[in-house]
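*Asks:* quick one, what's the 3D model for this:
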Amino acid sequence: MNKADLKLDWCSHAAAKYAVEHWHYSKSMPMPPTIRIGVWECDQFIGCVVFARGASPHLGAAYGLQQTEVAELTRVAITAHIVPVSRILTIAVAMLRRKESGLRLIVSFADTNEGHHGGIYQGAGWMYCGKTSSKNDYISADGRRYRDRQVTASGYARQFGVMTHVPKVRDCIAIPLEGKYRYLYPLDDSMKEQIASLSKPYPKRPKDSSEPPAIHAGEGGAAPTRTLQNLFPLRDRMARLLE
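*Replies:* Sure, this is the predicted structure:
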């Protein structure tokens, strides 16, 4: 494919939302603020790469960084494509670096619960630094799925500074989840040197995984995406867990 046939450019929230809802199994956009980069092949819109502050306000604390110095790659929502996702990701990171000069580190996670091992990050030269802790998701009585931070023992939680009613743990079904693979991409030499000691050997792709090889993997962010739409919609996977 000719390099001129691939184009990355800033895209609207509406375009990113379309890509995420159609080509990402989470079907949901991350919380703002976000930086959205659209991807086109042969003048056809094929998806987007989304960066955000991340779900945790302490994302950069472990690396001595303020919240404004770290970003999380939260969505890679791409439909059928020709160019390797690792190349698309490399271009997107370069665009982010030019736009946000104060950033020093990008963090992303490959979800082992979706059969991902971080192929696109390995292909793009990211640093692997281990797995996060295991935790639970929860299914409420009405069938909705919640993250662990969205469910409490009391049924109340402070969200965006406001005390909000949330599902109670005792009223939900816990779904055990494995930890996710954590990948880092330093944006300056000093940060690269600082985190060098955290580097670990890349995890291998599970033999029974349906995840494609690294150069075509479509995973990404806190909720990774495969190159093509997931074969089983999220609610179907939830139903299986409840059987």
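
*Asks:* where does this structure have low pLDDT?
*Replies:* The chain contains residues with pLDDT under 70 at 1-4, 55, 159-160, 208-243.

*Asks:* how about a cut-off of 80?
*Replies:* Of all residues in the chain, those with pLDDT under 80 make up the ranges 1-4, 25, 54-57, 112-116, 158-161, 206-243.

*Asks:* the top helix by length along it - contacts with which helices or strands?
*Replies:* As assigned by DSSP state H, the longest helix anywhere in the chain is helix 85-99. On a contact count with 3 or more CB pairs under 8 Å, 6 or more residues apart in numbering; DSSP states H and E, helix 85-99 meets strand 6-10, strand 34-41, strand 44-52, strand 70-78, helix 119-123. The C-beta positions use only the backbone N, C-alpha and C, and glycine is treated the same way.

*Asks:* just read off the phi/psi values of the closest residue to Lys135 other than its chain neighbours.
*Replies:* Nearest residue to Lys135, sequence neighbours excluded (CB to CB, 6 or more residues apart in numbering): Asp148, at 5.0 Å. Main-chain dihedrals, Asp148, degrees, to the nearest 10: phi -60, psi -30.

*Asks:* ok, then the element right after the longest helix of the chain?
*Replies:* Tracing the chain C-terminally past helix 85-99 and defining elements by DSSP states H and E, one meets strand 105-110 next.

*Asks:* for the residue lying farthest from the centre of the chain, helix, strand, or coil?
*Replies:* Distance from the C-alpha centroid of the chain, by CA atoms, centre = their mean, peaks at Ser154 (29.5 Å). Assigned with DSSP: H, G, I helix; E, B strand; the rest coil, Ser154 falls in the coil class.

*Asks:* next, count neighbours for Ile82.
*Replies:* 11 (other CB atoms under 10 Å).

*Asks:* now it: how far from Trp40?
*Replies:* Between Ile82 and Trp40 the distance is 12 Å, computed by CB to CB, to the nearest Å.

*Asks:* how many residues are close by Ile175?
*Replies:* Count around Ile175 with other CB under 10 Å applied: 18.

*Asks:* cool, Ala71 as well?
*Replies:* Counted with other CB under 10 Å, the neighbours of Ala71 add up to 27.

*Asks:* unless I'm mixing things up, Cys11 is touching Thr34, no?
*Replies:* No. Using CB atoms under 8 Å, Cys11 makes no contact with Thr34, being 10.7 Å away.

*Asks:* looking at those two, which is more packed in?
*Replies:* When neighbours are counted by other CB under 10 Å, Cys11 and Thr34 differ, and Cys11 comes out ahead with 21 against 17.
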